[in-house]
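K.L.:
below are the sequence and a predicted model for it; my questions follow.
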Protein chains: 2
Amino acid sequence: MPSIAAPQTLISEVGPRDGLQSVKATMPTADKLRWIDALVAAGLREIEVASFVPPRLLPQMADAAEVVRQTVARHPGITVMALVPNLRGAEAAIVAGAHKLTLPVSASHAHSLANVRCTPDEMVETLRAICRLRDDTAPSVAVEAGISTAFGCTLQGVVEEDEVIRIAVACAEAGAGDVGLSDTTGMANPAQVRRLFTRLRAELGDKAGAAHMHNTRGLGLANCLAAWDVGVRTFDSSLAGLGGCPYAPGASGNVVTEDLVFMFEAMGVRTGVDLDRLIAARGPLADGLPGEPLYGMVANLGQVA
Amino acid sequence: MPSIAAPQTLISEVGPRDGLQSVKATMPTADKLRWIDALVAAGLREIEVASFVPPRLLPQMADAAEVVRQTVARHPGITVMALVPNLRGAEAAIVAGAHKLTLPVSASHAHSLANVRCTPDEMVETLRAICRLRDDTAPSVAVEAGISTAFGCTLQGVVEEDEVIRIAVACAEAGAGDVGLSDTTGMANPAQVRRLFTRLRAELGDKAGAAHMHNTRGLGLANCLAAWDVGVRTFDSSLAGLGGCPYAPGASGNVVTEDLVFMFEAMGVRTGVDLDRLIAARGPLADGLPGEPLYGMVANLGQVA
């Protein structure tokens, strides 16, 4: 194993946004902050803490501005991310002090229309407007685009790889600092992951961003490994796999952060995350969401090699 | 995806041996045979159906000879494998008509002494005696060695890679037609899998055998992918992950055949296995082992992309 201390990969924790957004219960703000404290204590350096969507759509995120403000104040040095679905959300996230905004841009027309009622290309224009706003009001804020349904769509089926790359390139041209690919529906396979991220890197170079994999069919870690193999160095995941898939008993939606960290560290790839403290962070999560199932092979095994 | 019809990888089903050996219940012979029928109907071409150990140690395997005989008679064209722990077991397996014998040889001294009360090198001598018996009495029977605890041992901790390779080479020299590596304790990681199988292939060439991975820490499929990447083309797995790890809720011991087949087929790697029929084979398994948990992300999702 290499003896260097600097992390070689970035685990971007999405539980407080992506995870909470998928569960019915609303976690009180104080519980969210305790959970985020524990995530930071475990060594996570980038955390997606909130989504700036209308509270009538997602009451779980009604405290988004407060969570961003508090996290920024409590944890200097980490990157506080927020999902923004539109320009209004971006304004609010910037005002709250978010360091990085992430905008989901679906590569599937059907998914885009169903989800945000506009086409992928219209979302690219939204991204462009957000980047202009950022340039004008908060130039230090980073903007990321996450290409959702990049590996398949339950609504339209196959998503053409050419179309995924076309949208990704358009996002970079619109001003995104990095563009990641999301397996929103858990349909990716390792061969496809390698093909698409290889193309993404060829097109975007350093602007090629995170792999956001799901574990719906059990391939989450294999797909992360495949992405790592072709040079991806940022991985989205969720503590305890929060964001579970309701129609698959025992299945988690998001890749489990604990298992992902275990895999990389076992391989000798430094993540900067302390696995014991990470597993301990399940405590505050469970306290804030009583009864919610917590996934994860390593944590449930209770035995870390 | 390639359009060729011939399978590009061999899934070696171990459930009727490895799986049943790990559960407390004893499956009646007729149920075993119905389950094996269903596995063959799904397209599996190599099945480890029994272990020739003393019935007082493993009552689940008391019908080993009968299961081998019946499977050979019912399913011409498939390879019927049997685990044999010693020369006496090999004799019985050959008499019953097994096409292939597999002998576990532990790379960990501590595990070997605890498990079979002899050292790894003494097991290599047993293998040599088995190969001589085979040469003298049944030259068409194949003999495989499976190097257990190749990736770590819960008793002795680290297992030196040099020692794993030394034992593997000794097994090939003793007459094994192929030598696989087993992650008996579920401690393997993808980097280690690539290193060890690369060395194994460099030393043994075509005699480098199967990857037998466990999913104890969730890395089962990632480790299979890693092995595939460095040229492994035979993978052991178990329908429904039978052979579950009792101390890990939701964890399966063996890699789940359904998920493994799904991964390869999704990648465009032909397995020769029909996933729908494979999932249907869980029916006879459940009938023969009422109440036993069945693992598997794809099957439990009930939706095969």
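P.N.:
Done, it's in. Numbers count the residues shown, from 1 in each chain, chains lettered A, B, ... in the order given.
K.L.:
I'd say residue A:220 and residue A:226 touch.
P.N.:
No: between residue A:220 and residue A:226 there is no contact under C-beta atoms under 8 Å: 10.8 Å. In this view, the C-beta of every residue, glycine as well, is placed from N, C-alpha and C.
K.L.:
and the longest helix belonging to chain A, what does it pack onto?
P.N.:
The longest helix of chain A (DSSP state H) is helix A:120-137. Packing partners of helix A:120-137 (3 or more C-beta pairs under 8 Å, 6 or more residues apart in numbering or on different chains; DSSP states H and E): helix A:87-96, strand A:100-106, helix A:109-116, strand A:142-148, helix A:161-173.
K.L.:
tell me the contacts of residue A:260?
P.N.:
A:11, A:220-221, A:224, A:235, A:237 (C-beta atoms under 8 Å, 6 or more residues apart in numbering or on different chains).
K.L.:
change it to 7 Å
P.N.:
Shown in contact with residue A:260 (C-beta atoms under 7 Å, 6 or more residues apart in numbering or on different chains): A:11, A:221, A:224, A:235, A:237.
K.L.:
around chain B, which positions in chain A sit nearby?
P.N.:
Proximity of chain A to chain B is confined to A:187, A:189-191, A:216-219, A:221-222, A:225-226, A:248-251, A:259, A:262-263, A:266-268, A:297-298, A:300-301, A:305 under the rule C-beta under 7 Å from any C-beta of the partner chain.
K.L.:
helices along chain A, start to end?
P.N.:
A:20-22, A:29-41, A:64-74, A:87-96, A:109-116, A:120-137, A:161-173, A:190-204, A:220-229, A:257-267, A:275-280, A:282-288, A:297-301.
K.L.:
can I get these in TSV with mean pLDDT?
P.N.:
Output for these, formatted as TSV (pLDDT from 0 to 100):
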stretch	mean pLDDT
helix A:20-22	88
helix A:29-41	98
helix A:64-74	98
helix A:87-96	98
helix A:109-116	90
helix A:120-137	98
helix A:161-173	98
helix A:190-204	98
helix A:220-229	98
helix A:257-267	97
helix A:275-280	97
helix A:282-288	97
helix A:297-301	86
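K.L.:
figure out which of the ones you listed is closest to residue B:47.
P.N.:
Among the helices of chain A, the nearest to residue B:47 by C-beta to C-beta is helix A:220-229 (24.5 Å).
K.L.:
my guess is residue A:263 contacts residue B:217, does it?
P.N.:
No: with contacts defined as C-beta atoms under 7 Å, residue A:263 does not count as touching residue B:217, sitting 8.2 Å away.
K.L.:
higher neighbour count, the two?
P.N.:
Each of residue A:263 and residue B:217 has its neighbours counted (other C-beta atoms under 10 Å in any protein chain shown); residue B:217 has more, 31 against 26.
K.L.:
how about that one, phi and psi?
P.N.:
phi -110, psi 20 (degrees, to the nearest 10).
K.L.:
on that earlier part again, and the residues of chain A next to chain B, which are buried?
P.N.:
A:187, A:189-191, A:216-219, A:221-222, A:225-226, A:248, A:250-251, A:259, A:262-263, A:266-267, A:297-298, A:300-301, A:305 (16 or more other C-beta atoms under 10 Å in any protein chain shown).
K.L.:
pretty sure residue A:282 sits against residue A:294.
P.N.:
Yes: Residue A:282 is within contact range of residue A:294, at 5.7 Å (criterion: C-beta under 7 Å).
K.L.:
can you check which residues contact both of the two?
P.N.:
Residues touching both residue A:282 and residue A:294 by C-beta under 7 Å, 6+ apart: residue A:240.
K.L.:
gap between residue A:212 and chain B?
P.N.:
Per C-beta to the nearest C-beta, to the nearest Å, residue A:212 is found 17 Å from chain B.
K.L.:
OK, contacts around the nearest residue to residue A:154 once chain neighbours are set aside?
P.N.:
Closest residue to residue A:154 apart from its sequence neighbours, by C-beta to C-beta, 6 or more residues apart in numbering or on different chains: residue A:185 at 5.0 Å. Applying C-beta under 7 Å, 6+ apart to residue A:185 gives the contacts A:149, A:152-154.
K.L.:
mind doing that once more with 8 Å?
P.N.:
Contacts of residue A:185 (C-beta under 8 Å, 6+ apart): A:149, A:151-154, A:214, A:216.
K.L.:
ok so, going back, now render the helices and strands packed on helix A:120-137 as TSV, adding mean neighbour count.
P.N.:
Putting these into TSV (neighbours: other C-beta atoms under 10 Å in any protein chain shown) gives the following:
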stretch	mean neighbour count
helix A:87-96	20
strand A:100-106	25
helix A:109-116	18
strand A:142-148	25
helix A:161-173	19
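K.L.:
quick one: closest of those to residue B:124.
P.N.:
Ranking the helices and strands packed on helix A:120-137 by distance to residue B:124, with C-beta to C-beta as the measure, places helix A:161-173 first at 49.5 Å.
K.L.:
mind giving me the packing neighbours of the closest one?
P.N.:
Judged by 3+ C-beta pairs under 8 Å, 6+ apart, helix A:161-173 is in contact with helix A:120-137, strand A:142-148, strand A:178-182, helix A:190-204.
K.L.:
the third one - contacts with which helices or strands?
P.N.:
Counting contacts by 3+ C-beta pairs under 8 Å, 6+ apart, strand A:178-182 packs against strand A:142-148, helix A:161-173, helix A:190-204, strand A:208-212, strand A:234-237.
K.L.:
again with the last one
P.N.:
In terms of contact count using 3+ C-beta pairs under 8 Å, 6+ apart, helix A:190-204 is assigned the packing partners helix A:161-173, strand A:178-182, strand A:208-212, helix A:220-229, helix B:257-267.
K.L.:
how about these in TSV, adding distance to residue A:92?
P.N.:
Shown next, in TSV, are those (distance: least, C-beta to C-beta, whole Å):
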stretch	distance to residue A:92
helix A:161-173	21
strand A:178-182	22
strand A:208-212	23
helix A:220-229	32
helix B:257-267	40
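K.L.:
of all those, which one is nearest residue B:141?
P.N.:
Of the helices and strands packed on helix A:190-204, nearest to residue B:141 by C-beta to C-beta is helix B:257-267, at 24.6 Å.
K.L.:
for residue A:210, what are its contacts?
P.N.:
With C-beta under 8 Å, 6+ apart, residue A:210 has these contacts: A:10, A:12, A:144, A:146, A:178, A:180-181, A:232, A:234-236.
K.L.:
please determine how far it is located from chain B.
P.N.:
18 Å.
K.L.:
how about residue A:178?
P.N.:
Taking C-beta to the nearest C-beta, one finds residue A:178 at 25 Å from chain B.
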